[in-house]
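Undergrad: 3D, please:
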Amino acid sequence: MLQHLLETFRIVFRLIAPQQGERNGNIAKRLPGATTAVGRPKKGSKKASAAAPVLHQQEWKASFFNLLLSTLKRHCEVATIEDFVFKTPPSADEIKKCEEGRQLPRASDFRFDFTPLTFRKSRWNKMVLDKLLDAAIEQGKKERLETASRAWLRERLEGQRNRAQQAWVKSQPRGQESEADAITRANQYREQRAHDTRVNSAKARKHADRKHTIELVISHKTNNDPDLGTWQRLLQMIQYLGNSGMSSEEEVETVGTTRGRRTVFVVKVCVWRHRDVGNYLQLIDTTGDKINPVKKGRPRLDRDRYGDEGSSGAPRGLPKCLYSPEWIEEESEANPLFVEDLNVSEEAFELLAAASGMQV
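TA: All right, here's what the predicted structure looks like:
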């Protein structure tokens, strides 16, 4: 009896196993960047060759990208990509000999060829990138990170090399400019880039927070709530504005009252934005404070909304009602083709008449 049951089980298993394997294979094919058991990308697809592994893809990409950056900085002896402005690239003679195969970069040589127009196809750079990729992959194995295709890693590393080349080019003397003046200008450019990065990151966080507040309010509404449509319109407005439609802020220290000095955020005024847009954004911020009364970490600082005009340019292609009519009129006087250059969208979208009657 037992022998008969075992034989039946073997027959059923042989029938099921291929189908189960085929199902798993089909699932793997549908996932982006699917790899085989030995970590090789699927052949026959250029996109597949440069994709990241499937499991925990977002976390993996961040981990290996950070590993690539640390490998690049360690071997090239820089703290940031902008530090390449202080690096001396290989000479023209070294690059020529490398192209001809007469002299190759030493194993410990991680200098980049920054020659304009040719640095992307430089054989010297290809060999340096290969050494950095080998080092990053070896370190990834030590940290037990999943195997990725070499094409995916190279694509990210080449992006960092391009950034380094751009920074280096900006630091080169122009005309009669001295080397010291060029370095000073490069440092100013670096500081401006760092400032712009902080501003853009703050705008992205602000946009995400406001979008999250609106979506949270809408999730608690029903179709019978009279202000549901209003919040849906605000969500559409936020999506139109995007990160670039958020005002920038600058942290400054001002003199308070009897308590001495206090730190506030001075909000830069978006001159191009319709004044009603600012009022609605302030309403969204106030609503966010109400539904999240307790926040961990640093207390929310005061906002001074009477700051100077911001220097960020206006995003193009927005519905006309989101722009300040006074600003458009003033700019059009100086440039008759201003509205055409702004590429104002003809899409139907109107600002809300009023915010009264809105409930949280």
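Undergrad: any idea which element T71 lies in?
TA: Following DSSP states H and E, one finds T71 within helix 57-76.
Undergrad: Packing partners of that helix?
TA: If contacts are counted by 3 or more Cβ pairs under 8 Å, 6 or more residues apart in numbering; DSSP states H and E, helix 57-76 sits against helix 123-142, helix 150-170. C-betas here are computed from N, CA, C, even on glycine.
Undergrad: In the record's domain split, what are the boundaries for the chain?
TA: Domain segmentation of the chain under automatic domain parsing yields 31-170, 204-342.
Undergrad: as a whole number, average confidence for the shortest one?
TA: Yep, that's domain 204-342 we're talking about. The pLDDT scores in domain 204-342 average 80.
Undergrad: Repeat that for stretch 179-194.
TA: 79.
Undergrad: Spell out the secondary structure type for G288.
TA: Classification of G288 using DSSP: H, G, I helix; E, B strand; the rest coil returns helix.
Undergrad: Count the neighbours of it for me.
TA: Neighbour count of G288, defined by other Cβ atoms under 10 Å: 19.
Undergrad: Is the closest residue to it other than its chain neighbours within a helix or a strand, and which one?
TA: In space, and not counting its chain neighbours, G288 is closest to T213: 3.9 Å by Cβ to Cβ, 6 or more residues apart in numbering. Following DSSP H and E, one finds T213 within helix 179-219.
Undergrad: Check A79 too.
TA: Here A79 is covered by no helix or strand, with elements defined by DSSP H and E.
Undergrad: And stretch 328-335, what's buried?
TA: I328, E331 (16 or more other Cβ atoms under 10 Å).
Undergrad: circling back to that earlier point, please identify the buried residues of the helix holding T71?
TA: W60, K61, F64, F65, L67, L68, L69, T71, L72, H75, C76.
Undergrad: which ones are touching L228?
TA: I218, K221, T222 (Cβ atoms under 8 Å, 6 or more residues apart in numbering).
Undergrad: roughly how far apart are the second one and I291?
TA: Using Cβ to Cβ, to the nearest Å, one obtains 13 Å as the distance from K221 to I291.
Undergrad: With the last one instead?
TA: When distances are taken as Cβ to Cβ, T222 and I291 turn out to be 17 Å apart.
Undergrad: And these two? Which one has more around it.
TA: In this view T222 and I291 are compared by other Cβ under 10 Å, and I291 has more residues nearby, 11 against 6.
Undergrad: Wait, the more buried one touches I214, no?
TA: No. Counting by Cβ atoms under 8 Å, I291 stays clear of I214, with 10.7 Å between them.
Undergrad: where does G101 fall, helix, sheet strand or coil?
TA: Relying on three-state DSSP, one would call G101 coil.
Undergrad: what about it, neighbour count?
TA: 8.
Undergrad: what does P90 give?
TA: With other Cβ under 10 Å as criterion, P90 counts 22.
Undergrad: where does it land on pLDDT?
TA: 95.
Undergrad: Correct me if wrong: it contacts D113.
TA: Yes. With contacts counted by Cβ under 8 Å, P90 reaches D113, the gap being 5.8 Å.
Undergrad: what do the two both touch?
TA: Between them, P90 and D113 share the contacting residues W124, judged by Cβ under 8 Å, 6+ apart.
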